[in-house]
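# just need the structure, nothing else, for what follows:
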Amino acid sequence: MGLREWSLGGVLLSPFLIYVLLALVLTGVLRGLVRISGLGRWIWHEALFDCALYVCVLTVITVVLGPL
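Prediction:
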């Protein structure tokens, strides 16, 4: 996909914005799966887990979709 800026009405947007939004959606889906499966009871600090999960998902997305 590459990291080239997009022009939207004269405003330059970074493709990293798309990565951030995609990571947010995937983190929400994964967090829902954790709650449904019952693994949520093993989580000590939910906010810290959510933040760490988001960072991990964003890292994977950036590595997979980023420039080579």
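# can you pull out the low-pLDDT segments for the chain?
1-3, 68 (pLDDT under 70).
# next, count neighbours for Gly66.
Neighbours of Gly66 under the rule other C-beta atoms under 10 Å: 13. Every residue, glycine included, has its C-beta placed from N, CA and C.
# please read the previous query as pertaining to Glu5.
Neighbour count of Glu5, defined by other C-beta under 10 Å: 11.
# nearest the geometric middle of this structure, what residue?
Ala23 (1.6 Å; C-alpha atoms, centre = their mean).
# contacts only, for it.
54, 57-58, 61 (C-beta atoms under 8 Å, 6 or more residues apart in numbering).
# for the helix or strand that Val64 is a member of, packing partners?
Using DSSP states H and E, Val64 sits within helix 46-65. When contacts are defined as 3 or more C-beta pairs under 8 Å, 6 or more residues apart in numbering; DSSP states H and E, helix 46-65 packs onto helix 16-37.
# next, the buried residues of the helix it packs on.
19, 23, 26-27, 31, 34 (16 or more other C-beta atoms under 10 Å).
# that helix vs helix 46-65, what angle?
130 degrees (axes from the mean of the first three to the mean of the last three C-alpha atoms, to 10 degrees).
# export helix 16-37 to CSV, keeping only CA atoms.
The C-alpha coordinates for helix 16-37 follow below in CSV (Å, rounded to 0.1, in the frame of the first residue of the first chain):
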residue,chain,number,x,y,z
PHE,A,16,-1.3,5.9,8.9
LEU,A,17,-4.7,7.3,9.8
ILE,A,18,-6.3,4.4,8.0
TYR,A,19,-4.1,2.0,9.9
VAL,A,20,-5.1,3.5,13.2
LEU,A,21,-8.8,3.3,12.4
LEU,A,22,-8.4,-0.3,11.2
ALA,A,23,-6.5,-1.2,14.4
LEU,A,24,-9.3,0.3,16.5
VAL,A,25,-11.9,-1.8,14.8
LEU,A,26,-9.9,-5.0,15.0
THR,A,27,-9.1,-4.3,18.7
GLY,A,28,-12.8,-3.9,19.4
VAL,A,29,-13.6,-7.2,17.6
LEU,A,30,-10.8,-9.0,19.5
ARG,A,31,-11.9,-7.5,22.8
GLY,A,32,-15.5,-8.7,22.2
LEU,A,33,-14.2,-12.2,21.4
VAL,A,34,-12.2,-12.2,24.7
ARG,A,35,-15.3,-11.2,26.7
ILE,A,36,-17.5,-13.8,24.9
SER,A,37,-15.0,-16.6,25.4
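# fine, thanks again, bye for now.
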